[in-house]
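Peer 1: task: produce atomic coordinates for the following.
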Amino acid sequence: MPHFLLKLIPPRPSFIQDMTKEEILIMQQHAAYAKEMADKGIALVFGPVADPAGAWGLGIVECDDESGVKAFIENDPVIRSNIGAEYKVFPMIRAMVAKGIRKDV
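Peer 2: Got it, this is the predicted structure:
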């Protein structure tokens, strides 16, 4: 099954340091969504990256095709909220997944 690297770009470089109360609630919903997708075996890795230029989110997802990735993104509360965050999607050429990460391995 194909794998995709997702880069979640926040609405501003300082986002992780200066989120509003509303943005914190949205990010909590986003984390719950990522956990739900991890429990379903779709999101294999998900979390923030401490980039000196500004933190961003990393996801490695396993979907049947690009339409599955599109649905994953469209259903993410951080995207539905329209706060200005966006995903960049990179199809992986090949992925070696550690035993025990995927439910079918």
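
Peer 1: where is the longest helix in the chain?
Peer 2: helix 21-39 (DSSP state H).

Peer 1: buried residues, it. List them.
Peer 2: 23, 26, 27, 30, 31, 33, 34, 37, 38 (16 or more other CB atoms under 10 Å). C-betas here are computed from N, CA, C, even on glycine.

Peer 1: wait, the second one touches residue 82, no?
Peer 2: Which is residue 26. No - between residue 26 and residue 82 there is no contact under CB atoms under 8 Å: 9.8 Å.

Peer 1: low-scoring stretches of this protein, by residue?
Peer 2: 101-105 (pLDDT under 70).

Peer 1: spatially central residue for it, please.
Peer 2: residue 59 (4.1 Å; CA atoms, centre = their mean).

Peer 1: thought it was touching residue 6?
Peer 2: Yes - using CB under 8 Å, residue 59 is in contact with residue 6, at 3.7 Å.

Peer 1: could you pull out the helices in this protein for me?
Peer 2: Counting by DSSP H, the helices of the chain are 15-18, 21-39, 66-74, 77-80.

Peer 1: ok, which of those comes nearest residue 100?
Peer 2: helix 21-39 (13.1 Å; CB to CB).

Peer 1: thank you kindly, that will do.
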